[in-house]
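In: next one to model:
(chains A and B)
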Amino acid sequence: AQSVTQPDIHITVSEGASLELRCNYSYGATPYLFWYVQSPGQGLQLLLKYFSGDTLVQGIKGFEAEFKRSQSSFNLRKPSVHWSDAAEYFCAVGHDSNYQLIWGAGTKLIIKP
Amino acid sequence: DGGITQSPKYLFRKEGQNVTLSCEQNLNHDAMYWYRQDPGQGLRLIYYSQIVNDFQKGDIAEGYSVSREKKESFPLTVTSAQKNPTAFYLCASSSGQGTDTQYFGPGTRLTVL
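Out: You can find the predicted model right below:
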């Protein structure tokens, strides 16, 4: 079955520290991968996406993600977090033959001052 | 500015009443989507539409109905048959391919009393 797993429900990091949010997927075809961010009570905003090519993808707000096919992972990273990064982060998987995205349950990022 | 609008932001209804949530986009996108978001469950697809006058059920369509009479508009009706309608509802649109970025509205929080 196709699925997306974000193993961490919550992550707490200190401001200025590095961040890695995990995303693992199970998908039959070559996946198209997305990371979105949601501030409380708001809609979702695309951070970055991977379709093909370079497996290290740069996104907005200083985020990057690396596609590792052998590990079925697409982890999101940021070298130094800011208090404004506190939000919920969602990983999603899709395919060009299918309009539906499969969504992870989300990881809530908490920033310690 | 181009974007997606959802109204109202907060909606309260009595149990047994139907309620319609509005979603309008001026991005000239062909595809539109309705998601339901509950805490800890990520996004679940209710309905999606690839083109005017056509729409498909998503994973949790029971108790919901939609229409797509205009390209810009994709209203969602939560009927009295929906057993647990209290949730955060998100509308999204994309240019048409399954791998295209989905752009989200700010959401409507529905509370059924």
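In: check contacts around the closest residue to chain B within chain A.
Out: Here chain A gets closest to chain B at one residue, residue A:43, 3.5 Å apart by C-beta to the nearest C-beta. C-beta coordinates here come from the backbone N, C-alpha and C atoms, glycine included. In this structure, residue A:43 makes contact with B:4, B:90, B:92, B:104-107, judged by C-beta atoms under 8 Å, 6 or more residues apart in numbering or on different chains.
In: out of these, who's near chain A?
Out: Contacts with chain A within the contacts of residue A:43, counted by C-beta under 8 Å from any C-beta of the partner chain: B:4, B:90, B:92, B:104-107.
In: which among the residues you listed count as buried?
Out: The neighbour-count criterion (16 or more other C-beta atoms under 10 Å in any protein chain shown) marks B:4, B:90, B:92, B:104-105, B:107 among the ones next to chain A among the contacts of residue A:43 as buried.
In: between those residues, which is closest to residue A:51?
Out: Nearest to residue A:51 out of these is residue B:92 (C-beta to C-beta; 18.5 Å).
In: quick one: what helix or strand has that closest one in it?
Out: strand B:87-94 (DSSP states H and E).
In: what packs against the very next helix or strand once past that strand?
Out: Using DSSP H and E, the helix or strand that directly follows strand B:87-94 along the chain is strand B:103-104. Packing contacts for strand B:103-104, counted by 3 or more C-beta pairs under 8 Å, 6 or more residues apart in numbering or on different chains; DSSP states H and E, involve strand A:44-50, strand B:87-94.
In: residues making contact with the shortest one?
Out: Under the criterion C-beta under 8 Å, 6+ apart, residues A:32-38, A:57-61, A:63-65, A:67, A:74, A:76, A:89-90, B:43, B:90, B:92, B:101-104 lie in contact with strand A:44-50.
In: if you count neighbours, what's buried in it?
Out: So strand A:44-50, judged by 16+ other C-beta under 10 Å, has buried residues A:44, A:46-50.
In: figure out how far that strand is from the centre of its chain.
Out: In terms of C-alpha atoms, centre = their mean, to the nearest Å, the centre of strand A:44-50 is found 8 Å from the chain centre.
In: report the rounded mean pLDDT for it.
Out: Mean per-residue pLDDT for strand A:44-50: 95.
In: cool, thanks, talk later.
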